[in-house]
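Student: Got a sequence here, can you build the structure:
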Amino acid sequence: MLKTNVYNMSGKLVGEIELPEAVFGIDPNGAVVHEVVKNHLANLRQGTQSALTRAEVSGGGRKPWKQKGTGRARQGSTRAPQWTHGGIVFAPKPRDYSYTLNKKAKRLALKSVLSAKASEQNVVVIDEIKMDAPKTKTFAAFLNAVGCTSKTLVVTAAADQNVVRSGRNIAGCEVTFANLLNTYDVLHADKLVVDQAALQKIQEVFA
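Tutor: Just a heads-up that it's a prediction; the model follows:
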């Protein structure tokens, strides 16, 4: 079993905990992680881009000059793509970029990035992440105390608005919940800060 230290929000060592090898100790599958990240980014695309084809731009109904005898290249319209103010060739139109992946791939990818973070000693376990009131300064001091000064993903067991509001104004800090944890967010962060209750919920997801 993998073991890691448990700290409190002041950065003091308060114990030790075992991380399940089935979640934090597998050999990362880079190909599956790539596919899941690509799927995540594709699903985020709005797909609202739109441009006009030559059939949709205004004007161009009249042939600009006769076909022969001018010495110039033949033209049928001033709205052909090679003309200024002409239409766009293969103009992009609104479309849905999203697609689905099977659950096994998503689970494997998440376990892969969690295992990679654990092997790099970038998983920081906290006994309890709790804020009595939204306070950015206090939350920043907590992150500094546990050695998380770069891009950090903080994971709590459930939605805690005091924690969310405390962390949202800190550059590079993201707060999420155990049931919303995804491969992209874990991969994007340098450090994963998770409390024990959230760690238990993550284990239950893969049970």
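
Student: hmm, what's the outermost residue in this structure?
Tutor: What lies farthest from the middle of the chain is Gly69; by CA atoms, centre = their mean that is 60.4 Å.

Student: Report the separation between that one and Asp132.
Tutor: Gly69 sits at a distance of 87 Å from Asp132 (criterion: CB to CB, to the nearest Å). C-betas here are computed from N, CA, C, even on glycine.

Student: Next up, identify which helix or strand the residue lying closest to Ala109 once chain neighbours are set aside is on.
Tutor: Ranked by CB to CB, 6 or more residues apart in numbering and with sequence neighbours excluded, the top spatial neighbour of Ala109 is Val36, at 3.8 Å. Remark: Val36 resides in helix 30-44, with elements defined by DSSP states H and E.

Student: Off-centre distance for that helix?
Tutor: Between the centre of helix 30-44 and the centre of its chain there are 9 Å (CA atoms, centre = their mean, to the nearest Å).

Student: residues of that helix that come out buried?
Tutor: In terms of neighbour count (16 or more other CB atoms under 10 Å), helix 30-44 has its buried residues at 32-33, 35-37, 39-40.

Student: Show me what it is packed up against.
Tutor: Counting contacts by 3 or more CB pairs under 8 Å, 6 or more residues apart in numbering; DSSP states H and E, helix 30-44 packs against helix 103-119, helix 183-188.

Student: And those helices: which comes nearest Glu56?
Tutor: helix 183-188 (36.5 Å; CB to CB).

Student: Since that was my last question, I'll sign off now.
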